[in-house]
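Novice: give me a model of this one.
(one chain, ligands or ions: 1)
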Amino acid sequence: MIEVKNLTKDFGFNRGVFDISFEVKKGEAYGFLGPNGAGKTTTMRMLMGFSQPGKGIATINNSDCWKNYYDILGEVGYIPGEVALPEGLSGLEFIEMMKKMKHADDSRISYLLDMFELNPDQSMKKMSIGDKRKLAIVSAFMSDPNILILDEPTSGLDPIMQNKFIELIKSEKKRGKTILLSTHIFEEVDACCDRLSIIKDGKIISTTDTDTIRNNENKVYKIEFLQDEDFNQFMKSNMNIVYSNKTKRKVRVAINDKEINRLIKIISTYQIKYFSESQFTLEDYFLKYYKDRKGESSL
Ligand SMILES: Nc1ncnc2c1ncn2[C@@H]1O[C@H](COP(=O)(O)OP(=O)(O)OP(=O)(O)O)[C@@H](O)[C@H]1O
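Specialist: Numbering: from 1, shown residues only. A predicted model of the protein is given here:
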């Protein structure tokens with residue numbers, strides 16, 4: 001349904017996206033993740049036909065997104081990473097304008113306004129960032145599109161509204177919608193997505209299905225050291241360290257059950273402030289890929 005094939009947009013100085021490929025099948029919710037500046041928005045803008053690929057192709061329903069820009073706009077519900085709304089209008093006027101453009105019906109609009117507790121009867125200029133984001137959500141979902149491209153859709157929303165958004169995505173998925181979701185929020189991916197790709201420095205570095213991660217037999221041990229020396233020494237061990245924070249002397253190690261004895265042996269030689277076990281989660285999977293060159297997490 002949504003496909004990018006060898007897609008490249010080179011802004012120079014190693015910025016942009018380079019030879020990326022992935023596809024989102026009909027009815028699938030697909031997570032698109034990566035650190036700031038990784039290339040998520042650049043990819044999504046090419047899928048919306050706003051920006052021309054340097055090489056490769058982006059298609060929706062087998063239709064070239066760049067060549068068939070108008071068709072894509074009509075077919076896809078899109079939430080941009082940065083919401084820019086016409087400040088001269090009120091929320092109501094904006095909704096009325098979008099309703100005509102998208103041939104949306106009133107009951108759907110009321111349903112969405114109620115869900116996000118948004119009063120649109122206010123000037124857009126004076127709206128809070130959260131309310132502007134809610135307006136972008138209402139606008140993207142009002143025509144009940146079959147395909148949704150959502151670029152960090154909940155940034156600026158409070159946790160209660162973030163949860164409402166998760167509920168909306170889950171129910172849209174149940175209704176057979178195809179969803180591409182870029183986010184930094186692990187819970188959103190965990191709750192909604194079937195598969196995901198991680199992009200870093202403009203390249204896809206991992207693609208997996210979320211069940212594989214959830215059913216992973218690895219466990220994660222959180223360790224906090226009392227002394228810098230011990231932390232530094234432990235960092236040199238060849239354990240699978242998925243997260244580390246030098247200032248707080250904290251690490252998270254992902255290991256298989258068979259390795260527990262080895263881990264306990266190693267840490268018994270150090271002064272430990274805290275030690276606990278938890279299930280390997282999607283978050284641990286991310287942190288592993290978000291790590292920068294120094295091995296520190298960039299989150
Ligand atoms: N129009 C442009 N001209 C030049 N460089 C650009 C342009 N748009 C994006 N970039 C660069 O391309 C890279 C990818 O940016 P992009 O906005 O796609 O990242 P992102 O993954 O969406 O990041 P974030 O999580 O911060 O929103 C960045 O280095 C960015 O500075």
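Novice: when you work out contacts or count neighbours from here on, use the C-alpha atoms and nothing else.
Specialist: Noted.
Novice: indicate the residue of the stretch 101-250 of the chain located nearest to the ligand.
Specialist: Residue of the stretch 101-250 of the chain nearest the ligand, by C-alpha to the nearest ligand atom: Gly202 (6.7 Å).
Novice: now that residue: closest residue in space, sequence neighbours ignored.
Specialist: Distance criterion C-alpha to C-alpha, 6 or more residues apart in numbering; nearest residue to Gly202, sequence neighbours excluded, is Val17 at 3.9 Å.
Novice: contacting residues for the one you found?
Specialist: By C-alpha atoms under 8 Å, 6 or more residues apart in numbering, the contact list for Val17 reads 7-10, 38-39, 42-43, 201-203.
Novice: and the helix or strand containing Tyr243, what does it pack onto?
Specialist: Assigned by DSSP states H and E, Tyr243 falls within strand 241-245. If you count contacts as 3 or more C-alpha pairs under 8 Å, 6 or more residues apart in numbering; DSSP states H and E, strand 241-245 packs onto strand 250-255, helix 282-290.
Novice: just so I know, which of those lies nearest the ligand?
Specialist: Nearest to the ligand, of the helices and strands packed on strand 241-245 and by C-alpha to the nearest ligand atom, is helix 282-290 at 11.9 Å.
Novice: number of nearby residues for the residue nearest to Tyr243 when sequence neighbours are not counted?
Specialist: In space, Tyr243 comes closest to Arg252 once its chain neighbours are excluded; the distance is 5.1 Å by C-alpha to C-alpha, 6+ apart. Counted with other C-alpha atoms under 10 Å, the neighbours of Arg252 add up to 25.
Novice: circling back to that earlier point, SS state for the residue nearest to Gly202?
Specialist: Recorded secondary structure, Val17: strand (DSSP: H, G, I helix; E, B strand; the rest coil).
Novice: mean confidence for the strand holding Tyr243?
Specialist: For strand 241-245, the mean pLDDT works out to 87.
Novice: in it, what counts as buried?
Specialist: Within strand 241-245, the residues that qualify as buried are 241-244, counting by 16 or more other C-alpha atoms under 10 Å.
Novice: among the helices and strands packed on strand 241-245, which is the most enclosed?
Specialist: The highest mean neighbour count among the helices and strands packed on strand 241-245, using mean count of other C-alpha atoms under 10 Å, belongs to strand 250-255: a mean of 22.
Novice: adjacent strands (with direction) for that one?
Specialist: strand 219-225 (antiparallel), strand 241-245 (antiparallel) (DSSP bridges).
Novice: please state the offset of it from the chain centre?
Specialist: Distance of strand 250-255 from the chain centroid (C-alpha atoms, centre = their mean, to the nearest Å) equals 23 Å.
Novice: what sits up against it?
Specialist: Here strand 250-255 makes contact (C-alpha under 8 Å, 6+ apart) with 218-225, 231, 239-245, 280.
Novice: among those, which ones are buried?
Specialist: In the contacts of strand 250-255, burial by neighbour count holds for 218-225, 231, 239, 241-244, 280, counting by 16+ other C-alpha under 10 Å.
Novice: go through the residues you listed and name the one nearest Tyr30.
Specialist: Nearest to Tyr30 among the buried ones among the contacts of strand 250-255: Phe280, at 20.4 Å, using C-alpha to C-alpha.
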